[in-house]
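In: need a 3D model of the following:
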Amino acid sequence: MNSRPVWLVLLCAWLAAWQPLNLSVAAAEALMALPVRGWPLGVLLVVRVTVTALGMAAARSIWERRAGALPLARTAIALSGAVQLFVYATSIAPNNRMPGDTPLYVAATILVHGGWLIYLAGSSRVHRLLS
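Out: Below you'll find the model as predicted:
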């Protein structure tokens, strides 16, 4: 069978399209705040760009069924989740979340990133396609 599972296509879209779009919005806000917040925000922005690029590489590896796609995807998802949680836990990056909403963002991040990691770990079809 040559088709890709729907969830794997959604994962590729999330890594290759949603993550860069999310980064572009965050980067636009960060660049405006950079003179006020200084070098820690600059470092965070570089880290976010790097993690997003890793996710895009993982999506391409999955799509092209390359060797090492699964470990690369797991790493990209884990790092993306860690960076998001760091952003929510610190005041380095500008945000416009309502007071008290941060726990909801943290929970959503853990659910989404954890869900993708569980999917990649548990799907025998994905392992057959990418191993």
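
In: the residue nearest the centre of the chain: which element?
Out: For the chain, the residue nearest the mean C-alpha position is S80 (3.7 Å; CA atoms, centre = their mean). Secondary structure assignment for S80, by DSSP states H and E: helix 69-89.

In: could I get the buried residue list for that helix?
Out: Applying a neighbour-count criterion of 16 or more other CB atoms under 10 Å, one finds 69-70, 72-73, 76-77, 79-81, 83-84, 87-88 buried in helix 69-89. Quick note: C-beta positions are derived from backbone N, CA and C, even for glycine.

In: sorry, back to before: in contact with the residue nearest to the centre of the chain, which residues?
Out: 19, 51-52, 55, 113 (CB atoms under 8 Å, 6 or more residues apart in numbering).

In: same thing but 10 Å
Out: By CB atoms under 10 Å, 6 or more residues apart in numbering, the residues touching S80 are 14-15, 19, 22-23, 48, 51-52, 54-55, 58, 109, 112-113, 116.

In: re the thing from before, state the mean pLDDT of the helix holding S80.
Out: The average pLDDT within helix 69-89 is 96.

In: just stretch 33-48 next, same as before
Out: Averaging pLDDT along stretch 33-48 yields 93.
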